[in-house]
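Q: Predicted structure and sequence below. I'll ask about it afterward.
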Amino acid sequence: MKRAHPFLAAVVAVLVACSGATGQQTEPGVTLVSPGGRDVWAEGSLHRVVWRAAPEVAELDLVVSVDGRRTWHEASTHALPSAPDLLHSYVLKVPPAPNGECTIAVAAREDPKMKAEATVKVTGSQEARYRWTCVTEKAAFAGRDGAGALSFNGRMWLLGGWNPGDKVNFPAICNSEVWSSTDGLEWTEEVAQAPWEGRHTAGYVVHDGRMWVVGGDCIGRHYQNDVWSSADGVNWDLVCERVPWAERVLHHTVAFAGKIWVMGGQTLPQFAPAEQVYYDDVWCSADGANWTRVTEHAGWPQRGMIGGSVVHHDRMWVLGGGTYDTPTRPERLFYNDVWSSADGVHWDCVSQAAPWHPRQYHDVAAFDDRMWVLEGWNQANRNDVWYSADGVNWYELADTPWAVRHAASVFVHDGALWMVAGNNMFPDVWKLTRE
């Protein structure tokens, strides 16, 4: 029996989680999962058309019409494997639609009656022009991944990080250095060794006039369950020695509505002893010491492995992510769905499958009134960059000039989006500005 590709398995999980995402079917054999018929797509944006085909469908056509089905234009032809109930997808660029509508149809080539279609409303383009600038290829700090990235008091702050190949700057694999910069070119080492244990891929936020390090990793064969804060980057206070949200790593951390939020994550028994657990819960705290679990199950499939955070249009957002492999679950899961919430309890599935490739260890940010998804990992490092004003309509920023990487340090600072270091282990600094 064939196993579904991990991406398809992840899409199935999201479809189950997204209420009403059952797709449309006009004849047996082909089901259109997305779009669903009430979608609003922006001109020039990219969308993942998702369908399910029966085993007897050997080949099909994906076609579009922008004139009320009078004429059709072929978008793509897919040869389908002879396997039951499999999902397939194609990324479609929304064409100009003079009448404000676009119809997408998927039809079996051997029997055109076996087809499914949906009509979406087409609005104006949300595309913008941006430019990357290399500020420096070799900053003063050593290359690293998973370092905290915060913009605070007019400076960018780089916190800790991981580099097992550099025994000089990372004798314990992770360090607790604190570096800062106003311009991305000149960096100052503020602290060679902060009082918190070296770590990477922890939670990093600015909240209540302070910088925060929330939890950590388990590289040291134990879980870091502490919370630290600082008003100047030099002097750090231990706010909570042991958080109540259980041992976990790779959690997603956001500052929103006067609180710090921690969601998702998992244990990694192969690195530190613990029961195998994958989380989809959400916790919050106003002071970093007293925590409340607002929901045990958020509605999105269990996950973590998202760097940075996005607060956009007065909502928190979860963009993709995944799970790390463990002895009991040797395959990683990768997601490219989009969720948002105004309270951490009620979550809306904004997109079942965004056009960007499913990924983990990527970075997200809110910049220029848009949400951003940058780099990441899925079988290989990536350097693609995507943005969206609403979580539905996504545009890819072409011709990324920096090397592939994951677990980078991404800042929103001084009117620009900054890409710094990452798993390529180069101490490079890049700056994105709007043209």
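A: Cool, the structure landed. Predicted model only: the values in this text are computed from it and were never measured.
Q: Now for Pro171, how many residues are close by?
A: 10 (other C-beta atoms under 10 Å). To be clear about C-beta, it is placed using only N, CA and C from the backbone, and glycine gets the same treatment.
Q: same question, Thr103
A: 18.
Q: who's it bridged to?
A: Beta bridges link Thr103 to Ser65, Thr119 when assigned by DSSP bridges.
Q: With Val254 instead?
A: The partner residues for Val254, given DSSP bridges, come to Trp261.
Q: Next one: it relative to Arg210, how far apart?
A: 16 Å (C-beta to C-beta, to the nearest Å).
Q: who has more neighbours, those two?
A: The neighbour comparison of Val254 against Arg210 (other C-beta under 10 Å) goes to Val254, with 25 against 18.
Q: and that one, what does it touch?
A: Counting by C-beta atoms under 8 Å, 6 or more residues apart in numbering, Val254 touches 205, 260-261, 263, 309-311, 316.
Q: Burial check on the closest residue to Val214 other than its chain neighbours, number of neighbours?
A: Among residues not flanking Val214 along the chain, Gly203 sits closest, at 3.3 Å (C-beta to C-beta, 6 or more residues apart in numbering). Neighbours of Gly203 under the rule other C-beta under 10 Å: 22.
Q: still on that earlier bit, in helices, which of the contacts of Val254 fall?
A: Per DSSP state H, helices hold no members of the contacts of Val254.
Q: For those residues, work out which two are farthest apart.
A: Across those, the longest distance by C-beta to C-beta is 15.0 Å; it joins Ile260 and Val310.
Q: Identify each buried residue in the strand or helix carrying Ala107, please.
A: Following DSSP states H and E, one finds Ala107 within strand 101-108. Neighbour counts over strand 101-108 (16 or more other C-beta atoms under 10 Å) mark 102-108 as buried.
Q: Most widely separated two among these?
A: Longest span within the buried residues of strand 101-108, C-beta to C-beta: Cys102 and Ala108, 21.3 Å.
Q: Endpoints of stretch 185-204, how far apart?
A: End-to-end distance for stretch 185-204, by C-alpha to C-alpha, to the nearest Å: 22 Å.
Q: which parts of that stretch are buried?
A: So, applying 16+ other C-beta under 10 Å, buried residues of stretch 185-204: 187, 190-191, 194, 196-204.
Q: just these now: which is nearest Ala398?
A: Closest to Ala398, out of all of the buried residues of stretch 185-204 and judged by C-beta to C-beta, is Thr201, at 28.5 Å.
Q: Now do the SS call for that closest one.
A: Put simply, Thr201 is coil when judged by DSSP: H, G, I helix; E, B strand; the rest coil.
Q: Could I get the contacting residues of it?
A: Here Thr201 is in contact with 146, 162, 217, 249-250, 305, 307, 361, 407 (C-beta under 8 Å, 6+ apart).
Q: contacting residues for Asn99?
A: 66-68.
Q: For the residues you listed, pick the one with the most neighbours.
A: Most neighbours among these, by other C-beta under 10 Å: Val66, with 20 neighbours.
Q: can you give me the strands in the stretch 301-435 of the chain?
A: 306-308, 311-312, 315-323, 333-341, 348-351, 362-367, 370-377, 381-388, 394-397, 409-413, 416-420, 429-434 (DSSP state E, counting those that start in this stretch).
Q: Could you dump these into TSV and include distance to Arg131, mean neighbour count and mean pLDDT?
A: TSV is the format used below for the strands of the stretch 301-435 of the chain (distance: least, C-beta to C-beta, whole Å; neighbours: other C-beta atoms under 10 Å; pLDDT from 0 to 100):
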stretch	distance to Arg131	mean neighbour count	mean pLDDT
strand 306-308	21	29	98
strand 311-312	22	18	98
strand 315-323	23	26	98
strand 333-341	26	25	97
strand 348-351	27	19	95
strand 362-367	14	24	98
strand 370-377	15	26	98
strand 381-388	12	21	98
strand 394-397	10	20	98
strand 409-413	16	23	98
strand 416-420	10	25	98
strand 429-434	6	20	98
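Q: Could you save these as TSV and add columns showing distance to Ser230?
A: Output for those, formatted as TSV (distance: least, C-beta to C-beta, whole Å):
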stretch	distance to Ser230
strand 306-308	19
strand 311-312	21
strand 315-323	24
strand 333-341	28
strand 348-351	34
strand 362-367	22
strand 370-377	26
strand 381-388	31
strand 394-397	33
strand 409-413	17
strand 416-420	20
strand 429-434	23
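Q: so which of those strands comes closest to Val234?
A: Per C-beta to C-beta, nearest to Val234 of the strands of the stretch 301-435 of the chain: strand 409-413, 19.2 Å.
Q: Tell me which strands that closest one pairs with, and in which orientation.
A: Strand pairing (DSSP bridges) places strand 409-413 next to strand 416-420 (antiparallel).
Q: Run the angle between the partner strand and strand 362-367 for me.
A: Angle of strand 416-420 versus strand 362-367, following axes from the mean of the first three to the mean of the last three C-alpha atoms, to 10 degrees, is 160 degrees.
Q: Off-centre distance for strand 416-420?
A: The chain centroid and the centroid of strand 416-420 are separated by 16 Å, computed with C-alpha atoms, centre = their mean, to the nearest Å.
Q: Now tell me what touches stretch 271-282 from outside.
A: Contact with stretch 271-282 is made by 218-223, 245-248, 251, 261-269, 293-304, 323, 326-329, 344-345, as judged by C-beta under 8 Å, 6+ apart.
Q: same thing but 7 Å
A: Identification of contacts with stretch 271-282 by C-beta atoms under 7 Å, 6 or more residues apart in numbering yields 218-219, 221-223, 247-248, 261, 263-267, 269, 293-298, 300-302, 323, 326, 328, 344.
Q: Stretch 329-336 now?
A: Contacts of stretch 329-336 (C-beta under 7 Å, 6+ apart): 6-7, 10, 14, 301, 303, 320-325, 353-354, 356-360, 378.
Q: again, but for stretch 135-148
A: Under C-beta under 7 Å, 6+ apart, the answer for stretch 135-148 is 158-163, 166, 169, 179, 184-185, 187, 200-202, 204, 213, 407, 409, 421-423, 425-431.
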